[in-house]
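> fold the following, please.
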Amino acid sequence: MDFLQLIQSNLLTPIILFFLFGIIAARIKSDLKIPEAISEFLPIYLLAAIGLHGGIEMRNTGFENMVIPMFVAIALSLLFTLNHYQILRRLGKFNLFDSYALASTYGAVGAVTFSVGLSFLKNQGVSSEGYLAAILAILEPVSFILAIFLTNMAVSKQIRAKKQSFTNDDTSDLDMGIQETKTKLSQVLHESVTGKAIVILLGSIIIGYIIGEEGFSSIKIVFDEMFTGAIVIFMIEMGIIAGQRLDDIKKVGIFLTAFAIIMPTFNGIIGVLVATGLGLSLGGTVMFGLLLASASFIAAPAVLRHAIPQAKPSLYITSALGITFPYNIIVLLPIMFAVASLVHTEGSIDLFNYITKDWS
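Next up is the predicted model:
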């Protein structure tokens, strides 16, 4: 499949056009602004719609069918986060705090990107496993917890190494500092799990599981037929915010700009291939890859500003929202769909035979 043609057709969809419209509005310094009440409502609506469909799908297919993909996704998210850190720290020469903040931002998932992915598949006439919404909710805090735990460990190690040069009074102060650092992890876990995004998503999944398709029929017109329209309005705001941050891109540097494009591509393609091997549907492989390719630009600032205050928000917010998000929804989604279409076959999938067939 010609992914250039896919990219071209994707550019002409309402979601992408309204996103680009938002960017243009910001660049010409228009006073266009989505009312605050609507901008706060739309993410809740989108997450509720995703969660309801996910819960219904879990009821139809059974929880046991999502266990293996869920654990694989968690393992890959943790692995990618560690890989991000090594690249940023060793090659990018970022400091400890910025490296872990960026690593967790790109190891986490983006609910807005996930919503756009669902709409993209709908335009292609392809469906995906609804239980991936549950994996989305589970993956949200995983990368943050790992990165913050490792940051705490590194800081504690540095403090302990300096203890010998301090008096007993100073040492007690350091002990208090270490303890304060360690308590952040529990705070982050609480904030991540009880944050409004996770609460509405998990709550909607449970409700969808309880009501099933029969109960959903009474609210289908709101949470199904209006879904794409809601994303379109939300994309205007995302475009405005992204457009306002275009000037900040030059501040993040060439290395981080390349990282914000290359790493999501690598992670996404790996996700597509792994999901194909797990036997997910065509749409499921694309969404699984998108989970691993997306970067968090909503949850990340809320968590990292408190958990790793030494990190620069301008780096992880600008790279995730100003570079990765537009790249993912405009370019990477069609590429992953093309790759998934290439390696995916109906019924059972033997990925090993597919890869090695030309060598036999």
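> please count neighbours and contacts with C-alpha atoms only from this point.
Fine.
> list the contacts for the residue nearest the centre of the chain?
In the chain, the C-alpha nearest the mean C-alpha coordinate belongs to V109, at 1.8 Å (CA atoms, centre = their mean). If you count contacts by CA atoms under 8 Å, 6 or more residues apart in numbering, V109 has them with L136, L139, E140, L291, L292, A293, S294, A295, S296.
> could you rerun that using 10 Å?
By CA atoms under 10 Å, 6 or more residues apart in numbering, the residues touching V109 are 77, 135-143, 290-300.
> what's the answer for H344, then?
By CA under 10 Å, 6+ apart, the residues touching H344 are 272-273, 275-277, 279-283, 285, 338, 350-351, 354.
> write a PyMOL command that selects only the buried members of those.
Entered in PyMOL, the line below selects the buried ones among the contacts of H344, by 16 or more other CA atoms under 10 Å:
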select buried, resi 272+273+275+276+277+279+280+281+282+283+285+338+351
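> P313: which of the contacts of H344 is nearest?
P313 lies nearest to V272 out of the contacts of H344, by CA to CA, at 30.0 Å.
> about what we covered before: and the residue nearest to the centre of the chain, its phi and psi?
Dihedral pair for V109: phi -120, psi 160, per degrees, to the nearest 10.
> just use 4 as the starting number from now, easier for me
Done: numbering now begins at 4, and the last item shifts to V112.
> from E216, how far out is it?
Using CA to CA, to the nearest Å, V112 is found at 27 Å from E216.
> next one: G95
49 Å.
> and L283, by the same measure?
Taking CA to CA as the measure, L283 falls 22 Å from E216.
> also T154?
To E216, T154 is 44 Å away according to CA to CA.
> looking at the two, which one has more neighbours?
Neighbour totals were compared for T154 and E216, and T154 leads with 22 against 18 (other CA atoms under 10 Å).
> pLDDT weak spots in the stretch 104-253 of the chain?
163-196 (pLDDT under 70).
> the helices in it, which residues?
For the stretch 104-253 of the chain, applying DSSP state H, counting those that start in this stretch gives helices covering 114-126, 135-165, 171-197, 199-219, 223-226, 230-247, 252-281.
> ok, F258 - how many residues close by?
F258 has 12 neighbours, counted by other CA under 10 Å.
> burial of the residue nearest to it when sequence neighbours are not counted, as a residue count?
Excluding its sequence neighbours, the residue lying closest to F258 (CA to CA, 6 or more residues apart in numbering) is G95, at 6.5 Å. Other residues near G95 number 16, with proximity taken as other CA under 10 Å.
> now swap in L149 and tell me
Neighbour count of L149, defined by other CA under 10 Å: 20.
> next: L20.
By other CA under 10 Å, 17 other residues sit near L20.
> which pLDDT value goes with it?
Looking at L20, its pLDDT is 94.
> quick one: list the elements packing against the helix or strand where it lies.
Here L20, judged by DSSP states H and E, is contained in helix 17-30. Packed against helix 17-30 by the contact rule (3 or more CA pairs under 10 Å, 6 or more residues apart in numbering; DSSP states H and E) you find helix 6-14, helix 114-126, helix 230-247, helix 328-330.
> now the shortest one: how far from the chain's centre is it?
In other words, helix 328-330. 12 Å (CA atoms, centre = their mean, to the nearest Å).
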